[in-house]
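Asks: what's the 3D shape of this:
(one chain, ligands or ions: 1)
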Amino acid sequence: MSKHYLKTLFSPTSIAVFGANNTEDSVGQVVFKNLLEGGYKGKLYPINPQFDKVLEQPCYKNLKTLAQPVDLAIITTPASAVASIIEDCGEHDVKMAVIISAGFSETGLQGAKLEKKVVDLAKKYGIHFIGPNCLGFMRTEINLNATFFKSKAKSGNLALVSQSGALCAAVLDWAVPNDVGFSTVVSMGTSADLDFGEVLDFLVSDPKTQGILLYVEGIHHSRSFMSSLRAAARIKPVLVIKSGRHQATARAAMSHSGALIGEDEAFDAALQRAGVVRVSNFGQLFSAAKTLASRYKAKGNRLAIVTNGGGPGVMATDRAADLRVPLAQLSQSTLDELNKTLPATWSHANPIDIISDAGQERYQQAVSICLKDPNVDAVLVILTPQAMSHPLEAAQAMVQIAEQSSKPILACWMGGTQIAECRRLFVQSRIPEFRTPEAAVEAFYYLSAYHSNQQLLLQTPASMGYVEAPDIEGARMIIESVLAERRKILTEMESKALLGAFRIPIVNTATAHTVNEAIVLAASMGFPVALKINSPDITHKSDVGGVKLNLQNASEVREAFREIMESVKESAPDARVYGVTVGKMSDKVHGRELYVGVFRDPVFGPVISLGMGGTMVEVIADKAVSLPPLNRYLAKSMISKTRVAKLLEPFRKMPAANVEAVEAVLLHVSEMVCELPWLQEMDINPLIVDENGAVAVDARIVVNYYTAGADRYAHMAIYPYPTHLVEKWELPDGTDVTIRPIRPEDADMEKDFVKNLSEESKYFRFMQNLHELTPIMVVRFTQIDYDRELALIAVIQRDEGDLQVGVARYSTNPDGETCEFALVVSDQWQGHGFAHKLMTSLMNAARMKGLKIIQGEVLSNNHNMLKLMHKLGFVCILDEEDRTVTLVSRNL
Ligand SMILES: CC(=O)SCCNC(=O)CCNC(=O)[C@H](O)C(C)(C)COP(=O)(O)OP(=O)(O)OC[C@H]1O[C@@H](n2cnc3c(N)ncnc32)[C@H](O)[C@@H]1OP(=O)(O)O
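Replies: Alright, predicted model coming up:
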């Protein structure tokens with residue numbers, strides 16, 4: 001749904017240009033000139049107190065002297081004048097602005113203050129604006145060029161939205177000779193108000209825009225960005241180029257996979273799940289733009305290459321292999337037909353080398369035959385100018401074929417002067433053309449990647465086909481007991497039990513407290529076995545000499561037990577030791593070692609990874625990354641993206657490994673991640689796979705108190721209604737509450753809520769009270785649906801270490817909106833200092849309002865506090881690490 005206020009921005013009927021002037025080549029003059037001379041048909045008003053006329057047009061001192069309605073203000077004055085201009089706009093009902101001026105937050109503290117002032121004033125008057133520090137925007141449909149770019153974009157079907165004005169200028173400059181046209185070009189600048197999310201929402205429903213190119217440097221609002229991207233990509237191809245790909249990411253991870261998966265990989269996986277295609281450099285953006293602007297939509301990714309030279313064919317094949325673009329397997333009837341038509345020396349395979357003396361007729365025949373083949377989704381035609389090539393005639397033949405074909409034809413006429421005319425012809429006929437075979441293959445890859453990303457979004461989550469459903473309750477109990485002991489890292493047995501609860505095959509393992517127990521267990525399992533130290537305090541068992549593998553008989557077990565105990569005593573004298581685990585050694589003769597990892601990205605939530613396993617996971621760094629929930633298609637595509645995938649094929653004397661078993665493990669892990677929000681990190685390493693199946697030999701799992709944090713939001717952005725994130729809780733008084741994080745669809749509501757906190761609102765005062773007492777920070781809002789009421793819970797955090805929670809009830813009753821505070825909780829309120837003062841004052845206030853108060857028994861640690869709260873009808877979600885608590889109650 002497009003927001004009408006952006007319609008006013010992008011299709012204004014009247015524009016005022018603040019700072020328009022008569023100085024040749026000044027920003028204000030160029031912007032005004034572009035509008036005046038560009039063919040824009042709406043009303044145009046220069047505003048500048050210094051002039052009576054600008055470019056022969058009557059000029060006004062301000063909006064008051066203009067006294068005409070204005071849809072859009074474009075501001076090109078020095079930064080210092082912007083706030084008063086926004087005020088002028090507010091007072092004259094101008095709701096949209098573009099602030100081109102630089103000199104705001106990008107310049108430092110002073111600028112940031114100025115920017116805040118502008119933002120506050122805009123909010124006060126309900127003005128939305130693009131910028132500051134931007135180039136402006138263009139809408140070719142109405143000949144609107146509100147930029148200080150010297151030439152205007154050609155009309156076309158692409159939209160370009162960029163955080164960098166310079167990049168806009170470069171793309172526009174490139175677009176002219178390449179005949180690529182734009183419906184809209186927006187330079188976002190600092191995005192102090194409108195951001196990608198809002199602009200994307202507009203472009204999705206803009207009929208003039210068929211494909212969207214985004215240049216991203218940093219994301220301010222990941223949630224609305226992802227949700228708008230997802231929505232946009234469902235409807236039109238979206239390509240993203242993001243700079244800063246290799247920013248160092250410092251990650252405090254306890255698992256190998258956590259250390260391995262960087263921010264950029266998570267971003268990549270999130271883009272893929274949003275159905276968006278990412279390009280990695282400027283050249284690729286241009287190539288991709290050509291295919292998007294072309295006449296085609298790809299329906300598959302199998303490419304046929306027709307060439308008159310072996311070398312260029314090999315170049316294309318190599319690039320296709322790099323990008324995993326499959327070369328089409330030509331059908332027998334295609335081969336037969338080609339044999340009949342082509343000289344006997346043709347390559348007899350794809351790439352189809354039609355030999356250097358090929359003229360236009362041979363090209364025409366070969367390409368037509370390929371396009372008929374159901375195994376071919378697109379044809380790349382390469383021509384190097386040889387004596388008999390007749391490049392122009394061959395190009396004309398391609399244009400004729402293209403007119404009849406719905407399958408993409410990509411042209412790569414290599415060379416310079418001889419083929420200049422051909423290039424023009426291709427551009428005119430909207431056939432994507434490229435200077436090198438590699439660029440052509442890349443461009444096709446982007447076209448087909450968009451298609452396949454969309455396909456995978458359409459897949460429904462896999463049915464697990466359980467013989468036995470997972471034991472979710474059992475898994476939760478394990479986690480609860482670990483957290484109750486104030487631990488985060490599960491022991492090997494606990495980790496395996498958790499995997500077992502989700503039906504992931506595990507090796508037979510048991511614990512032994514004494515050497516005799518170990519021998520008895522080993523004998524009853526059957527040799528060989530592995531012994532590993534069993535201690536909740538030791539995570540890297542081999543590092544302390546706590547692992548002995550491949551023990552063949554009782555005496556080896558006895559010896560190993562003794563050695564483990566001695567070594568651990570020396571290396572980790574303080575660790576609690578509960579004996580050893582005895583595990584049957586995997587008997588998989590043809591076993592390949594993989595790892596499956598889970599890590600929680602702070603922005604995008606849980607991320608699943610897969611790669612080659614063993615002790616050198618981080619060195620080998622083989623990783624395919626995806627976001628849950630996975631379906632079979634995604635699981636398969638994850639496997640195929642790893643390097644270890646090759647090893648799963650028949651290899652030397654080993655039969656192919658059972659890939660379906662790996663898929664099943666991935667699906668179970670995905671289910672586990674969705675069902676167990678406490679799960680923070682996990683390494684299954686190694687997962688041994690052979691022709692018969694897969695088995696988890698070792699696992700390490702890290703859990704934590706569960707928070708409804710940003711990761712859930714990002715999830716919401718990707719999946720509109722992820723049922724696994726909606727929770728129904730039955731409270732002790734028997735009422736049901738539905739808890740759900742704020743959906744992207746509700747983001748505006750959340751924003752409005754905060755925005756609408758007028759100074760009279762009680763909630764505002766409540767927050768102010770808190771601020772007066774102590775510096776606090778609102779970490780996040782969580783929203784809870786009651787019948788007709790909405791409770792917004794502000795989870796707050798104080799940097800000195802106390803935990804406090806403010807709970808506000810915001811009700812939308814027919815008799816008006818009310819918002820009242822109810823309770824603040826701190827786990828350290830007994831006694832002294834800030835927390836005590838805070839609690840006392842707030843409780844007094846609560847008492848006066850007749851709200852139920854919980855007081856008295858506050859137990860000494862968080863877990864007990866949780867229990868108490870629960871007893872009293874509250875549900876708490878506590879995160880010790882973040883030092884935040886989310887608390888929910890029906891008894892407010
Ligand atoms: C490509 C990229 O990277 S993205 C682009 C990012 N944006 C930029 O790079 C812009 C950078 N430049 C700036 O920010 C500059 O401050 C500009 C271009 C906005 C203004 O610069 P200047 O032209 O030097 O400022 P100047 O002081 O002349 O002001 C411009 C006009 O606004 C007029 N003006 C000042 N206040 C007001 C006001 N309240 N109302 C109307 N006009 C006003 C001035 O009278 C002046 O006109 P004049 O030159 O005829 O006297």
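Asks: give me the element the nearest residue to V598 once chain neighbours are set aside is part of.
Replies: Leaving aside its chain neighbours, V598 sits nearest to M682 (4.1 Å; criterion: CB to CB, 6 or more residues apart in numbering). C-beta coordinates here come from the backbone N, C-alpha and C atoms, glycine included. Using DSSP states H and E, M682 sits in strand 679-689.
Asks: list the strands paired with that strand, with their directions.
Replies: strand 592-601 (antiparallel), strand 694-696 (antiparallel), strand 699-703 (antiparallel) (DSSP bridges).
Asks: can you pull the pLDDT of the residue nearest to V598?
Replies: On pLDDT, M682 comes in at 94.
Asks: this structure against the ligand: which residues are in contact?
Replies: 18-19, 21, 23, 26-28, 47-50, 76-78, 81, 84-85, 100-103, 133-135, 165-166, 169, 187 (CB under 6 Å from any ligand atom).
Asks: list buried residues within the residues you listed.
Replies: 18-19, 21, 27-28, 47-48, 76-77, 81, 85, 100-103, 133-135, 165, 169, 187 (16 or more other CB atoms under 10 Å).
Asks: which pLDDT does the model give the residue in the chain positioned nearest to the ligand?
Replies: Of all residues in the chain, the one sitting closest to the ligand is G165 (2.3 Å; CB to the nearest ligand atom). Reading off the confidence values, G165 has pLDDT 86.
Asks: residue contacts, it?
Replies: Listed by CB atoms under 8 Å, 6 or more residues apart in numbering, the contact set of G165 reads N133, C134, L135, S187, G189.
Asks: adding pLDDT, write these out as JSON lines.
Replies: Listed next are the contacts of G165 as JSON lines, based on pLDDT from 0 to 100:
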{"residue": "N133", "pLDDT": "94"}
{"residue": "C134", "pLDDT": "94"}
{"residue": "L135", "pLDDT": "94"}
{"residue": "S187", "pLDDT": "95"}
{"residue": "G189", "pLDDT": "92"}
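Asks: which of those residues fall within strands?
Replies: S187 (DSSP state E).
Asks: I figured H92 hits K64, correct?
Replies: Yes - H92 is in contact with K64 according to CB atoms under 8 Å; the separation is 7.1 Å.
Asks: between these two, point out the one with more neighbours.
Replies: Neighbours were counted for H92 and for K64 using other CB atoms under 10 Å; H92 has more, 18 against 10.
Asks: per-residue pLDDT, the more buried one?
Replies: Residue-level pLDDT assigned to H92 equals 96.
Asks: what does the closest residue to it other than its chain neighbours show for phi and psi?
Replies: Nearest non-adjacent residue to H92, counting by CB to CB, 6+ apart: L63, 4.0 Å away. L63 adopts backbone torsions of phi -70, psi -30, taken as degrees, to the nearest 10.
Asks: got a list of what L63 touches?
Replies: A16, I47, V70, D88, C89, E91, H92, V94.
Asks: and the third one, how close does it get to V376?
Replies: If I follow you right, that is V70. With distances taken as CB to CB, to the nearest Å, V70 is found 56 Å from V376.
Asks: same question, the fourth one
Replies: Taking CB to CB as the measure, D88 falls 62 Å from V376.
Asks: how about the second one?
Replies: From I47 over to V376 the distance is 59 Å, taken as CB to CB.
Asks: any idea how the protein splits into domains?
Replies: Using automatic domain parsing, the domain parsing of the chain gives 1-136, 153-293, 295-457, 463-507+586-718, 512-584, 723-891.
Asks: pull up the distance across the shortest one, start to finish.
Replies: Yep, that's domain 512-584 we're talking about. Terminal residues of domain 512-584 are spaced 13 Å apart (CA to CA, to the nearest Å).
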